[in-house]
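1. Predicted model and sequence follow; I will ask about them next.
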Amino acid sequence: MPLPPPPRRKGDRVQRPRSRASAPMSDTADNASPPPDGAASSDDTVPAQPPVRSSASARRRRASGPSAGTSSVSDVTPAAVKPPEPASTAAAASMPTRAPAPTRPARRRSGSGKPGRRLFVLDTNVLMHDPSSLFRFEEHDIFLPMIVLEELDNNKKGMSEVARNARQASRTLDALAAAAGADIRDGLPLSALGNTDATGTLFFQTELLPHALPNNLPQGKADNQILSVVQALTARHPERDVVLVSKDINMRVKARALGLAAEDYENDKTLDDVEMLYTGTLALPPDFWTRQSKTVESWQQGGHTYYRIAGPVAEQLLLNQFVYYEAPGEPPLYARVVELRGRQAVLRTIKDYSHLKHAVWGVTARNREQNFALNLLMDPEIDFVTLAGTAGTGKTLMALAAGLTQVLDERRYTEIIMTRATVSVGEDIGFLPGTEEEKMGPWMGALDDNLEFLTKGGGGAGEWGRAAAQDLVRSRIKVKSMNFMRGRTFLNKFVIIDEAQNLTPKQMKTLITRAGPGTKLVCMGNLAQIDTPYLTEGSSGLTYVVDRFKGWPHGGHVTLARGERSRLADFASDIL
C-alpha cells in the first residue's frame, strides 16, 4: 500500500499554457519575454517579483479545466514532480527532477506547502516518556514507524510509569484513528481531539519502506528499523526536513553518523540552561539606598520593618523572593517581597533564625540561605516550599526541624509524612521484606541520621528520657511510598518529598495534588544527583515546579549554596 501523500498544495500543480487567445496572464510575468508555445513554466523558480493576478482571473483559471492543448493535471507527491519539458526534446526524459533554472535560486518547500513545516519521526521512548508528545510539535507533521507500535505493545504490561505511559499513548492513537472522518491512509489530523495547538498530520507506516543500511547494523534490531524508515523518508521526500526525535543518545549518534537529522525531545525541558533556574534570592546593588533615598517609605508593624521601594529593582522582583544588602560599614538588610503593585514593591524584614533564641528544634541557621529557608518553612502562610542545593546544605535537617516544631510544639499540623523516589544509585538489592514503612526503611537513611541529631539533646533526662523522646518523635513521622499516593488526600499534614530531582513532572504533579486543606508541602533535591533514566536537570520535576511556582503568593523557593556538613564534604563537592 502506498505512503499517503502530503496534503495538496498549489505548487504541485503543473499546467501547460493554453493558446495565446485564451491563456490568462502568465505566472512568469517578470520575464523579459513570454515563454514560447509549448514551453513549461516551472514552479521551482522564484520570480524576481511576485506575479500580479486578479482574483477573477484566478477563479477562471481554476474553473476552466484542461483545454484542447493542455494535458490533465494530477496531484502527485513532491518526489514525483518533474518540470514540464518541450515536446521536441525527447532526450530530456532522463533528466533529474526539480532542476532549477540556472539564473534563479530554488524555492525551498515542505511537503505540505507551508515553509518550515517538518516531518518528525518519533522513537518509542519519546511516547513512553511523554504520552502527550504527539501534540507538542505545533504545525509540524509526525510519522510513526510500524516497529514503534510493536514496541508500545510490548511495554504496555505492568504497573510501572513506563507501562502506564505506553498504554496512554496507545489510547491516544486509537482515539485519533477512530475520529469521525479519519482515514489512516491519508493521515490523521492531530487537532481531531481538540488540541488546537497541534495543526499537523499524523502519518502511520502503511507500506514497506526498504532502504539499505550498512551491513554492520543488524536489520532485526528495532532501532535500526527506525533508522531505515528515516533514511527511506529522507530519500523519498528530499524537499522536506525529516528529523528523528529520540531520547536515546546512542540512537541519535547513529542517525547522525548515517547523515540523518536527529534531535532530542526538548518539549519536556523547562529550561535549556539550569544556570538560569530561579534561585529565590536577589542581591541588591551597592547604590541601592542612594537611589531609593528620596522615594523609599518605611514603617513598622508586628515586629517587622516594611520598605516600599520603586524603580528598576522593583520591576524584576517576584512575590516571596528574598533580597539582601551587604556592604562594608553599613547595616545589612535581609527582607522578603510581600507585595507587588505596578512599579512598586513592599519588602518586609525577616526573622533572624541564626540567633539561638529563635532556634527551630535546636537548629539555627548557619548562613544566609538557610535563614531564608527557615523563614519559608516556619511561615504558616506558605503552603509550598522548594529547596535545592548540593549535598550537605541542610535541606532535610531544616525541613524535619521545622516539621517537628510545628507538629509537637505549635500543634499546627497533625503529623509529618515523608516520602521519596526509590531510585537506586547502584544495583538493585531485590525485594525487601516487611510492611510499607519497613520496606521504605533502607531509603530513609537520611531521616534516621537527622532524627538522631535532632533528638540527641536533653542529656539531663538520661537514657530513658532520650528513648521516650525518640519514640514520641517517631510516632508523629510516617514514611510512605510514592507508589500508593494515587487517590489520597492529606489533611493538616506536613509533607516532605525528599530526592525530588528524581521525579518526573507528571509524578510531581501527582504528589502535589494530594495536598488537602491545612497541608504544607516541602520538596527538596539536588539537581546534580539525578539517577532516573532519560531525566536531566532541565526536565526534572524539581526544576519544573520551581519554575512554575515562582511568584505564587503562597509558595517560595531557596537555592542553598553553602554546604554545612563538614569541611571534607564541602571540599569534595567542589573538586570532585
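-> All right, it came through fine.
2. Show me the shaky parts of the stretch 351-500 of the chain.
-> Low-confidence segments of the stretch 351-500 of the chain, defined by pLDDT under 70, are located at 422-446, 457-466, 468-469.
3. how about 50 then?
-> Residues of the stretch 351-500 of the chain that meet the criterion pLDDT under 50 lie in 425-427, 459-460.
4. where exactly do the helices run in it?
-> Under the criterion DSSP state H, counting those that start in this stretch, the stretch 351-500 of the chain carries helices at the ranges 368-377, 395-404, 436-440, 445-454, 462-475.
5. Counting by contacts, list what the top helix by length along the chain packs against.
-> Using DSSP state H, we find that the single longest helix of the chain is helix 161-177. The elements that helix 161-177 packs onto, with contact taken as 3 or more C-beta pairs under 8 Å, 6 or more residues apart in numbering; DSSP states H and E, are helix 124-129, helix 146-154. C-beta: built from backbone N, CA, C; applies to glycine.
6. Make JSON lines from those and add distance to residue 482 and mean neighbour count to it.
-> Written out in JSON lines, the entries for the helices and strands packed on helix 161-177 read as follows (distance: least, C-beta to C-beta, whole Å; neighbours: other C-beta atoms under 10 Å):
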{"stretch": "helix 124-129", "distance to residue 482": "18", "mean neighbour count": "24"}
{"stretch": "helix 146-154", "distance to residue 482": "25", "mean neighbour count": "17"}
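7. roughly how far apart are the residue nearest the centre of the chain and residue 244?
-> With distances taken as C-alpha atoms, centre = their mean, residue 268 lies nearest the centre of the chain, 1.9 Å away. Using C-beta to C-beta, to the nearest Å, residue 268 is found at 17 Å from residue 244.
8. And for residue 230?
-> When distance is defined by C-beta to C-beta, residue 230 is 5 Å away from residue 244.
9. tell me, what's touching these two both at once?
-> Applying C-beta atoms under 8 Å, 6 or more residues apart in numbering, one finds that residue 230 and residue 244 are jointly contacted by 121, 255, 260.
10. For residue 346, find the nearest of the helices and strands packed on helix 161-177.
-> When these are ranked by proximity to residue 346, the top entry is helix 124-129, at 42.7 Å, counting by C-beta to C-beta.
11. could you dump that closest one to PDB, C-alpha only?
-> Listed in PDB are the C-alpha atoms of helix 124-129, where the atom choice follows Å, rounded to 0.1, in the frame of the first residue of the first chain:
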ATOM      1  CA  THR A 124       9.300   4.700  21.000                       C
ATOM      2  CA  ASN A 125      11.000   6.100  24.100                       C
ATOM      3  CA  VAL A 126       9.500   9.600  23.300                       C
ATOM      4  CA  LEU A 127       6.000   8.300  23.600                       C
ATOM      5  CA  MET A 128       6.800   6.300  26.700                       C
ATOM      6  CA  HIS A 129       8.400   9.300  28.300                       C
END
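12. and the next element down the chain from it?
-> Proceeding C-terminally, helix 124-129 gives way to strand 141-144 as the next helix or strand, assigned by DSSP states H and E.
13. Residue 338 falls within a strand, correct?
-> Yes - assessed by DSSP: H, G, I helix; E, B strand; the rest coil, residue 338 belongs to a strand.
14. related to what we said a few turns ago, ok, for the residue nearest to the centre of the chain, nearest residue in space, not its chain neighbours?
-> residue 539 (4.5 Å; C-beta to C-beta, 6 or more residues apart in numbering).
15. how about the one you found, what does it touch?
-> Residue 539 makes contact with 268-270, 504-505 under the criterion C-beta under 8 Å, 6+ apart.
16. will you turn those residues into TSV that also has pLDDT, distance to residue 279 and secondary structure?
-> Output for the contacts of residue 539, formatted as TSV (pLDDT from 0 to 100; distance: C-beta to C-beta, whole Å; DSSP: H, G, I helix; E, B strand; the rest coil):
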residue	pLDDT	distance to residue 279	secondary structure
268	74	22	coil
269	78	19	coil
270	75	15	coil
504	86	23	coil
505	88	20	helix
